[in-house]
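> can you look at this prediction? I've put the sequence above it.
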Amino acid sequence: CARELRWRWGAMSSAGCALRGLEATQHTILEFATSGNSQIGICGARHGSHVVRYSLPYVDLSTAAGREQVFHDVSTQGRVDLWGSLPCTTVSALQRLNVAKHGAAYASTLAQRRRQLVKMIRLFHDAALVVQSLGGTVSFEWPRHCDGWALPEVRTMIYSLGMMHVDVDGCTYGLVSAAGKALLKPWRIYTTSHTLCQHLVGSRCTGDHSHVACIGGSTAAASAHYPPMLATAIVYALRQGGLRKRCSAPLADSVPAPGDVTAAVPLHTGGGIIDDTPFERPAGVDAQLAHDILEQLQSSSAPLAVYWRQADSSMVDARPHKRQRDLFPLPLLHALPQEGVEDTGGLARVVANSCIATLNFMRYDFNLERAPRLRYTLPTLAQASVHHHVATRAQRHVERLLRHPDVL
């Protein structure tokens, strides 16, 4: 354990040096309903990020003025990283014991408090959709075994934003009690940031040491905040992802009205721009191509098209029904990854999903009886890496098609 902590401390010290070297401009972290002295805000401000907190005493999110300020800021700040960590007391697993102990009166009061939490979740979800539409990332953290993950509003948010999760144990980043004993504190972070997942993967307890329970008094208070090493890792990942996004060439923010012509649209390559020659693209051609491809898949008798039509489009669970260790079957994309990949009229997503379907079909030897149904479940971390690669390549292919309409 000590060796692991020394390694992580060295890594985080290097990350701190790298943070000071990253460009500080245009990076903003919006903290939603976090504590007034959160470590992410402290670490972000220390390393040059602009931190905005939407919590008491700064902003009262229960008022109309507070909600208006949130939407005004997320709409005008440009690309931002939204971080949410709403109070989870009302959805703690311990509330089951409290309800059993205190009876119906307590259960009624708890239900009313949970309704207030649901309103906050819906507000966060609405703000997150705006942030995502502007190219930003969204992250949401709660304890791993919190009952709140089962709330329909939370599952809907995870699915609609295309979030993936990574688990973190506090002891891995040096979280200890006031007596210096290791605290496990299992956190779960759902995020749209591929970079954040890459930085935090492997942050589970090694199991070679003991822990004290995170219950009561100073011990519970110590586990309420991220340890500085974890906060540094999170801020570093968000800043690096934001810098990578800003250094890539932006595509058109929206599809113009029919008949309009877009401005120059550079070609993304992942390693820079290889062709920034301006070209004019008639509006709506990408959406029409997407429609044509889907129509062909719906009418063709080819085995791959038949396999495509068997996809379970009603699957809206946030996670698969059972734990999956294998890479296949790959789930379909209900939204493109948000970092470094932009959709163009929905065409890139259609192309990416057709590639994913082909990969799955190849894995099962083009056998319709063996191949499992395509689903839209959330990906594992390994599957998310494949999604990002396929989506990036699909987007580059779409850009080449639109740049050379004579091949259409």
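Sure thing, it's come through.
> now stretch 71-88: how far from the chain's centre is it?
Its chain's average C-alpha position is 13 Å from that of stretch 71-88, according to C-alpha atoms, centre = their mean, to the nearest Å.
> the helix or strand of the chain with the lowest mean pLDDT: what's the following helix or strand?
Averaged element by element with mean pLDDT, DSSP states H and E, the chain has its least confident helix or strand at helix 2-21 (a mean of 46). Downstream of helix 2-21, the first helix or strand assigned by DSSP states H and E is strand 28-32.
> neighbouring strands for that next one, and are they parallel or not?
strand 50-54 (parallel), strand 81-84 (parallel) (DSSP bridges).
> show me what counts as buried in the next helix or strand after that strand.
As assigned by DSSP H and E, the chain's next helix or strand after strand 28-32 is helix 39-46. Of all the residues in helix 39-46, those buried under the rule 16 or more other C-beta atoms under 10 Å are 39-44, 46. For the C-beta atoms, the positions are set from N, CA and C on the backbone; glycine is no exception.
> residue 62: which of those residues is nearest?
Closest approach to residue 62 among the buried residues of helix 39-46 (C-beta to C-beta): residue 41, at 20.6 Å.
> count of residues packed around the closest residue to residue 86 other than its chain neighbours?
Nearest residue to residue 86, sequence neighbours excluded (C-beta to C-beta, 6 or more residues apart in numbering): residue 33, at 4.6 Å. Residues lying near residue 33 (other C-beta atoms under 10 Å) number 20.
> ok, now which ones touch residue 33?
Shown in contact with residue 33 (C-beta atoms under 8 Å, 6 or more residues apart in numbering): 54-55, 61, 84-87, 120, 124.
> list buried residues within those residues.
Listed as buried from those are 54-55, 61, 84-87, 120, 124; burial here means 16+ other C-beta under 10 Å.
> of those, the lowest pLDDT goes to which?
By pLDDT, residue 55 ranks lowest within the buried ones among the contacts of residue 33, coming in at 81.
> what's the spacing between that residue and residue 31?
Here residue 55 is placed at a distance of 7 Å from residue 31 (C-beta to C-beta, to the nearest Å).
> and residue 121, how far is that from residue 143?
To residue 143, residue 121 is 15 Å away according to C-beta to C-beta.
> looking only at neighbour counts, state which of those two leads.
More neighbours surround residue 121 than the other of residue 121 and residue 143, with 21 against 18 (other C-beta under 10 Å).
> and what about the more buried one, helix, strand or coil?
Under DSSP: H, G, I helix; E, B strand; the rest coil, the three-state class of residue 121 is helix.
> that one contacts residue 149, correct?
No. Using C-beta atoms under 8 Å, residue 121 is not in contact with residue 149, being 11.3 Å away.
> for residue 349, what are its contacts?
Residue 349 touches 290, 333, 335-336, 343, 391, 394, counting by C-beta under 8 Å, 6+ apart.
> dihedrals phi and psi, it?
For residue 349, the backbone dihedrals (degrees, to the nearest 10) come out as phi -70, psi -40.
> tell me where this protein has helices.
Per DSSP state H, the chain carries helices over the ranges 2-21, 39-46, 64-76, 95-102, 104-133, 152-161, 194-200, 217-222, 228-247, 285-299, 303-309, 347-363, 381-403.
> of all the ones you listed, which lies closest to residue 187?
Proximity to residue 187, assessed across the helices of the chain by C-beta to C-beta, is greatest for helix 228-247 (8.4 Å).
> list the buried residues of the closest one.
By 16+ other C-beta under 10 Å, the buried positions in helix 228-247 come out as 228-243, 245.
> repeat that for stretch 120-133.
Residues 120-121, 123-125, 127-128, 130-132 are the ones in stretch 120-133 that count as buried (16+ other C-beta under 10 Å).
> cool, stretch 96-106 as well?
Under 16+ other C-beta under 10 Å, stretch 96-106 has no buried positions.
> list the contacts of that stretch.
By C-beta under 8 Å, 6+ apart, the residues outside stretch 96-106 that reach it are 107, 110, 147.
> touching, residue 138 and residue 189? I think so.
No. Residue 138 sits out of contact with residue 189 when judged by C-beta under 8 Å, with a separation of 10.9 Å.
> those two - which one has more neighbours?
Applying other C-beta under 10 Å to residue 138 and residue 189 shows that residue 138 carries more neighbours, namely 28 against 23.
> for the closest residue in space to that one that isn't next to it in sequence, list the residues it contacts.
Once flanking residues are discounted, residue 138 sits nearest to residue 128: 4.2 Å by C-beta to C-beta, 6+ apart. Going by C-beta under 8 Å, 6+ apart, residue 128 touches 82, 84, 138, 157, 161.
> low-confidence stretches in the protein?
Scanning the chain for pLDDT under 70 picks out the ranges 1-26, 214-224, 242-286, 313-325, 337-345, 403-408.
> count the residues that sit near the residue nearest to residue 50 when sequence neighbours are not counted.
With sequence-adjacent residues excluded and distances taken as C-beta to C-beta, 6+ apart, residue 50 is closest to residue 28, at 4.5 Å. Residue 28 is flanked by 20 other residues according to other C-beta under 10 Å.
> contact partners for residue 28?
Going by C-beta under 8 Å, 6+ apart, residue 28 touches 49-52, 77-81.
> on that earlier part again, and the residue nearest to residue 86, how far is that from residue 294?
40 Å.
> repeat for residue 367
24 Å.
> what of residue 73?
Using C-beta to C-beta, residue 73 is found at 37 Å from residue 294.
> do the same with residue 373
Residue 373 sits 18 Å away from residue 294 when distances are taken as C-beta to C-beta.
> more neighbours: these two, which one.
Each of residue 373 and residue 294 has its neighbours counted (other C-beta under 10 Å); residue 294 has more, 15 against 11.
> nice, that's everything, thank you.
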